[in-house]
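[1] Got a predicted structure plus its sequence, pasted below:
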Amino acid sequence: MNTIHILDCTLRDGGYCNEWRFGLDNIKRIISGLVEANVEIIECGFLTNKYEYKSNTTLFNSVEEIASVIPENRQGKIFVAMVNYGEYDVDRLPARNSSSIDGLRVAFHKKNRHAALEFCKRVREKGYLVFVQAMVSLSYTDDEFLDTIRCVNDINPYSFYIVDSFGMMKEKDLTRLFYMIEHNLNPDIWIGFHSHNNMQLAYSNAQKLTMVQTNRNLIVDSSIYGMGRGAGNLNTEIFVEYLNENYGKDYRLKPILTIIDEIINAFYQQNYWGYSLPNYISASHNAHPNYASYLNDKNTLTYEDMNNIFDMMDEEKRVSYDKAYIEDLYLQYMALGNENEAHKAELYKCISGKTVVLIAPGKSSTDERDLILGYPNKGVVYISVNFSYPECNTDFIFVSNLRRFNELAETHKSNCIVTSNISDNNVYYKTKYGDLLNAEEAVADNAGLMAIRFLINFGAKRIMLAGFDGYSFDARENYGNSDMAFVTKRNLLEAMNLGMTKVLTDYRKMIDIQFLTTPKHVLFRS
């Protein structure tokens, strides 16, 4: 009969949700709670040279720093940390002693497997339990996986892992890899399983693994409340209950629920993790979840668009996140459409030399409607951005966001100036998407800024901005119409406000730009 242990990775994998800033007191409380819950293996965080150590985080530079958060009474629990191969100098690792971690989990990609296994060998020679983490296990061919197993046997570590890095592993994939390991791995090496929940299969796969016929000892990774990047991980609280009911284990659920209530839920409210269509799409393409996060943060794409962009990706680029690559791919995709300039001369005559009231959907467009409606309208062109302004009929609607375009009534579309990424040809004018971009990453294709660039190109004399408020951390405060609200990351909102301020300041040097309504988060720099 096999022995099943849980390895809780909240303080390491969960750190992707809060930049590992758990707070020193919370780190100690989470570890103590897991000890009280009788979880056998507790991962304290990353051991890394990549980041400077701060006591409120779980990014440690030395095992001595990790020792400071481990309780004196270990109650027989195993304490570990993870090393991403290439991010820590093994020469800095002291010999194992009783005051710090018991083991290291070494994570590596296929291309680095032989060098990483040499690293594992040196870690084991220093007395540590070694957990070998072959990331993106499904990226290996059978021959490559068997070769890796043979090399692992030479090291004889504590455990060898199946790693479902992108949350796409089906039951048949799991059992195929398990029995390949079962039949070829040294019998005293434990088999581990680390999963993500992109396709909602983490729990069922974990259950399947507990049911396999084997005498081999098993480790299953989980995190409290499923805390983890993107779709998250297997939930510790759910899995301990399952093992208690079906395998006679004696985990205590109450300490874990207390941690959720008093610590983890606050992080969840700040930065949601869990199932989403973008995470599903990334998993279905066997791609790194950060690609899904990047595309989703744009708030400009339909899910079909996202899927199309993943279809464009090179196979070898999918495994490791490359921000420059996905930025370029996104811009390529958005620039695929054709222009339609049949009304160019007519539109130029309408805009050139004129004052334009440009209305974005910020909350001030509703709160200060009287300012907008009371502005002298003789010889003034009114253009709304990505929405039909409900207070008056504008001359045109500028749209660069396909989601927003699809929300417009059909009667408004013939009045639209759109960018070339929008495929509908029943519009007034279609301009080249790439010509309206700016150099600030966070707002490179911000619709309001693209509209201003368009008006500059068409010779407008003055632009009066309404509803250009910037972005509040409270999503309900961002739009006059609450249906348009979206939730995004705090640091991204900050970058968007800074980016808009910079670009507006630059554009003001090219054309007279003034605020008609009061901006809340974006100003001109002097």
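    Received, thanks. Residues are numbered from 1 along each chain as shown.
[2] Pull the contacting residues for residue 136.
    109-110, 163, 165-166, 286, 319 (C-beta atoms under 8 Å, 6 or more residues apart in numbering). The way it works is simple: take the backbone N, C-alpha and C, and place the C-beta from them, glycine included.
[3] Which residue comes closest to residue 3 once chain neighbours are left out?
    residue 217 (4.6 Å; C-beta to C-beta, 6 or more residues apart in numbering).
[4] What is the nearest of the contacts of residue 136 to residue 337?
    Nearest to residue 337 among these: residue 286, at 28.1 Å, using C-beta to C-beta.
[5] Can you give the domain ranges for this structure?
    4-270, 277-334, 344-515 (automatic domain parsing).
[6] Using a markdown table, lay out the ones you listed together with mean pLDDT and distance to residue 524.
    A markdown table is the format used below for the domains of the chain (pLDDT from 0 to 100; distance: least, C-beta to C-beta, whole Å):
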| stretch | mean pLDDT | distance to residue 524 |
| --- | --- | --- |
| domain 4-270 | 96 | 31 |
| domain 277-334 | 89 | 25 |
| domain 344-515 | 87 | 5 |
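[7] With distance to residue 521 added, can I get these in CSV?
    Shown next, in CSV, are the domains of the chain (distance: least, C-beta to C-beta, whole Å):
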stretch, distance to residue 521
domain 4-270, 19
domain 277-334, 17
domain 344-515, 3
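[8] so the closest residue to residue 396 other than its chain neighbours bridges to which residues?
    Leaving aside its sequence neighbours, residue 396 sits nearest to residue 383 (C-beta to C-beta, 6+ apart; 4.7 Å). Under DSSP bridges, the beta-bridge partners of residue 383 are residue 358, residue 396.
[9] So for stretch 62-77, what gets flagged as buried?
    Neighbour-count burial for stretch 62-77, counted by 16 or more other C-beta atoms under 10 Å, picks out 63, 65-67, 69-70, 77.
[10] just these now: which is nearest residue 211?
    residue 77 (25.9 Å).
[11] Report how many residues lie close to the residue nearest to residue 3.
    Applying other C-beta atoms under 10 Å, we find 17 residues neighbouring residue 217.
[12] and the gap between it and residue 159?
    8 Å (C-beta to C-beta, to the nearest Å).
[13] Quick check: neighbours shared by these two?
    With C-beta under 8 Å, 6+ apart as the test, residue 217 and residue 159 both reach 190-191.
[14] Count the neighbours of the closest residue in space to residue 470 that isn't next to it in sequence for me.
    The shortest distance from residue 470 to any non-neighbouring residue, by C-beta to C-beta, 6+ apart, is to residue 521 (2.8 Å). Number of residues near residue 521 (other C-beta under 10 Å) recorded here: 20.
[15] Also residue 270?
    Neighbours of residue 270 (other C-beta under 10 Å): 12.
[16] Quickly note the distance from the nearest residue to residue 317 once chain neighbours are set aside to residue 308.
    Counting by C-beta to C-beta, 6+ apart, residue 317 lies nearest to residue 325, which is 5.6 Å off, once chain neighbours are set aside. To residue 308, residue 325 is 16 Å away according to C-beta to C-beta.
[17] Same question for residue 278.
    In terms of C-beta to C-beta, residue 278 sits 13 Å off from residue 308.
[18] Excluding sequence neighbours, find me the nearest residue to the most centrally placed residue in the chain.
    By C-alpha atoms, centre = their mean, the chain has its centre lying nearest to residue 293, at 3.8 Å. Leaving aside its chain neighbours, residue 293 sits nearest to residue 230 (6.5 Å; criterion: C-beta to C-beta, 6+ apart).
[19] now the strands for the stretch 101-250 of the chain?
    103-108, 129-134, 159-164, 190-195, 218-222 (DSSP state E, counting those that start in this stretch).
[20] Could I get the ones you listed in TSV, plus columns for mean neighbour count?
    Below are those laid out as TSV (neighbours: other C-beta atoms under 10 Å):
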stretch	mean neighbour count
strand 103-108	25
strand 129-134	26
strand 159-164	24
strand 190-195	24
strand 218-222	25
